[in-house]
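Q: Attaching a predicted model along with its sequence, questions to come.
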Amino acid sequence: MLVTLLGTSDAAGIPVHSCDCATCQEALQAPWLHRSQTCILIQSDEASILVDMGSDSHMRNLHTVNLDAVFVTHCHDDHVRGLFALRWTKRLGGLPVYYPRGSEAIELFDDPMQLRLHTLKDFEEVTIKDLTITTLPLAHSVEAYGYLIGDDQTSLAVLLDTGRLPETTFYWLITHRPTLVMIDSTYAPGLSSEHHLGVDEALETIDDLGVRRAVLTHIAHHNWPYRDLVRYVYEQDGARTVVAYDGLTLTI
């Protein structure tokens, strides 16, 4: 699978308007460190799917991609805003969109146009061509899912917008051993919240899961500047874990 992180920030993005924090100032000096809202493109030999579509700006990277489906982690605006533009897709038969149940009230779904909506339940499996996608319950302020995506050989676990993993999800991942984990790291080292992990909690979760490769993403502007964060993560976890940036591409 080829995995491209099109958006790696929280809702605010980086840089934030008129913000003088070190992270925003770093991004103003180095435009490649600008972060947009969450969007992950996953491409296998046969399938192309998105996890979340947090901004219209991602369309510029998707016009030539023959998308097969979109999987929404949860229906907060910074994870679905870009779906408004995708409603006009010319994909034959429309574009399937899978999302956690209980989210039907959001404005987007009042008029889905060419989006074909499907609700999901806990630990449900969906097959998209040569990929199997399994829902993983997360701990967030609304119903939210992570996803295990892959085949019999390799798999990617996407764990966005979550506090400490629910026990059922944690032990399911222990059993299924993902090849690569992408995990919420909204807050700086030493900080966290009920609904989002900090860097230290994310690294601890990665270690507890016993995975060999991991990516920290969903990074807020009040987290450390990129260069400081990369140094800290390497000191804590070596080369196993990398800090995401918009445009990062990985092969698994």
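A: Yep, it's here. In this text the structure is predicted, and so the values were computed from the model without any measurement. Numbers count the residues shown, from 1 in each chain.

Q: Can you say which helix or strand has the closest residue to residue 209 other than its chain neighbours in it?
A: Beyond its immediate neighbours in the sequence, the residue positioned closest to residue 209 (CB to CB, 6 or more residues apart in numbering) is residue 173, lying 5.6 Å away. (C-beta placed from N, C-alpha, C; glycine too.) Following DSSP states H and E, the helix or strand that holds residue 173 is helix 167-176.

Q: contacts for that helix?
A: Residues outside helix 167-176 that contact it (CB atoms under 8 Å, 6 or more residues apart in numbering) are 122-123, 136-138, 146, 148, 155, 157, 165, 181, 205, 208-210.

Q: try stretch 148-155
A: In this structure, residues lying in contact with stretch 148-155 by CB under 8 Å, 6+ apart are 1, 42, 44, 49, 51, 130-134, 136, 156-158, 173, 176, 178-180, 252.

Q: let's see 6 Å
A: If you take CB atoms under 6 Å, 6 or more residues apart in numbering as the criterion, stretch 148-155 is touched by 42, 131, 133, 134, 156, 157, 178, 179, 252.

Q: The contacts of helix 167-176: which two are farthest apart?
A: The distance between the two most remote of the contacts of helix 167-176 (CB to CB) is 23.0 Å, for 122 and 210.

Q: Same drill for those two, tell me which one is more crowded.
A: residue 122 (16 against 9; other CB atoms under 10 Å).

Q: pLDDT wise, what is the nearest residue to the more buried one once chain neighbours are set aside at?
A: Closest residue to residue 122 in three dimensions, ignoring its sequence neighbours and counting by CB to CB, 6+ apart: residue 137, at 5.1 Å. According to the predicted model, the pLDDT of residue 137 comes to 98.

Q: Most neighbours among the contacts of helix 167-176, please name it.
A: residue 146 (28 neighbours).

Q: So what sits opposite that one in the bridge?
A: Residues found in beta-bridge contact with residue 146 (criterion: DSSP bridges) are residue 136.

Q: now do residue 182
A: Beta-bridge pairing for residue 182 (DSSP bridges): residue 158, residue 215.

Q: contacting residues around it?
A: When contacts are taken as CB under 6 Å, 6+ apart, residue 182 is in contact with 158, 215, 217.

Q: dump the residue contacts of the residue nearest to the last one when sequence neighbours are not counted.
A: Spelled out, that is residue 217. Here the nearest residue to residue 217 in space, its sequence neighbours aside, is residue 244; by CB to CB, 6+ apart that works out to 4.0 Å. By CB under 6 Å, 6+ apart, the residues touching residue 244 are 5, 8, 215, 217.

Q: what about burial for those residues, which qualify?
A: For the contacts of residue 244, a burial check counting by 16 or more other CB atoms under 10 Å picks out 5, 8, 215, 217.

Q: Make CSV out of the residues you listed and add secondary structure, distance to residue 88 and pLDDT.
A: Putting the buried ones among the contacts of residue 244 into CSV (DSSP: H, G, I helix; E, B strand; the rest coil; distance: CB to CB, whole Å; pLDDT from 0 to 100) gives the following:
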residue, secondary structure, distance to residue 88, pLDDT
5, strand, 25, 98
8, coil, 26, 98
215, strand, 31, 98
217, strand, 28, 98
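
Q: Done for today, thanks.
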